[in-house]
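J.: sequence plus the predicted model coming up.
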Amino acid sequence: MLSNLDKVLYPETGFTKGELVHYYATTAAVLLPHLRDRAMSFLRFPDGPDGQRFFAKNVPPGTPEWVTTAEVPRSEGPARMVVVQDLASLVWAANLVTEFHTHQWLVQSPEEADRLVFDLDPGAPATIVDCCEVALWLRERLAADGIEAYAKTAGSKGLHLLAAVRGASSERTSEYAKQLAVEAERAMPRLVVHRMTKSLRPGKVFVDWSQNAARKTTAAPYTLRARPAPLVSAPVRWAEVEECREPGTLEFLAGDVASRVQQHGDLLAPLLDAGRSVPLP
C-alpha cells in the first residue's frame, strides 16, 4: 500500500513522495531492464535527502511474498536480497523512498561480471567538465581494447562509464579497471587520481575502479538520488559529454527524463544486448 504521498521529499523544488513514485512508475519501461535479475541495495531516505539515510541490503522486514528475492554470496556468508523484476515490485520499492543500486553481475551468475563500471568523482574545484575530459580519454582507451563504453550522469557531481563484458570474474574486472585508472593518471597526472585517499583528490577527478568488486553496488540508470533536488542518474549521449563546457550542464531532474527518453530512447539499451558484450583483454 502506498503511503504519505503528499510528503515533500525535496524541499528545494517541492517534489513529493507521490511524484517520486509516479516518476519510477512512468520510467519503468527503461528502468526495469537495468534492474531485472540484479540483487538490489536500497539507499533509503524516507524523510528526504536532509533526513536520515541508510543502506538496506538484506530483504526489508515486511517485504511482500510476491517480491522476488535471491540468495547471494557474501564473504561473511550468503544473504537474501531483493530483485526488482516487475512494475509492482518497483512501485513497492519506490514507496520505501529509495535510490536503486545494483551489482555488476546477475543473480544467476554471481561468479561472472557482466558490467564494467568507472565512477568519475570530481574533487573541488574540479567539476563535471573535468569528468567529461577524463571520460573521453577512457572511452578511447576502452575502444582500443574493443570495449564500447556508455555514459550516464552520477546524479550528483560526477559521471559514470559502463560497458558490457563477459567471461571474467569481478576480481579480474576490478584488476582491469584499476589498470586503466592507473594509465589515466599517468596520461593526465594533473587531472586524474586513481587512489581513494581524500588528500589527493582536490582539483582532480577520482577514477573509482573499485565499484567492480563483487560486493559493491553502483547507482542504477534512471534512479533518483538523495540530493537537494530530484536529480537523476541519467544516460547521456557522447556528443553531450564532448560539448560539456560549464558546471551544471549535465544535470537532469526527474521531470526531464520523459522527454529525453522520447527523443533518444534508452541510451544504455546496448548494455542489455548480450551480443554486444565482449571479453576483457
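T.: Received it, and whenever you're ready, just let me know what you need.

J.: mind listing the helices for the stretch 101-250 of the chain?
T.: Listed in chain order, the helices of the stretch 101-250 of the chain (DSSP state H, counting those that start in this stretch) span 128-144, 170-187, 238-242.

J.: show me the contacts for the closest residue to Q108 other than its chain neighbours.
T.: Spatial nearest neighbour of Q108, excluding adjacent residues (CB to CB, 6 or more residues apart in numbering): D37 at 6.4 Å. For the C-beta atoms, the positions are set from N, CA and C on the backbone; glycine is no exception. Contacts for D37 (CB atoms under 8 Å, 6 or more residues apart in numbering) come out as V83, Q85, L106, V107, Q108.

J.: alpha carbons only: can I get stretch 55-62 in PDB?
T.: Extracted as PDB, the C-alpha positions of stretch 55-62 are listed here (Å, rounded to 0.1, in the frame of the first residue of the first chain):
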ATOM      1  CA  PHE A  55      21.500   1.400   3.100                       C
ATOM      2  CA  ALA A  56      19.300  -1.600   3.100                       C
ATOM      3  CA  LYS A  57      20.900  -4.700   1.600                       C
ATOM      4  CA  ASN A  58      19.000  -7.500   3.200                       C
ATOM      5  CA  VAL A  59      15.300  -8.100   2.400                       C
ATOM      6  CA  PRO A  60      13.500  -5.400   4.400                       C
ATOM      7  CA  PRO A  61      11.100  -6.600   7.100                       C
ATOM      8  CA  GLY A  62       7.500  -6.800   5.800                       C
END
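
J.: off-centre distance for that stretch?
T.: Taking the mean of its C-alpha atoms, stretch 55-62 sits 19 Å from the chain's own mean (CA atoms, centre = their mean, to the nearest Å).
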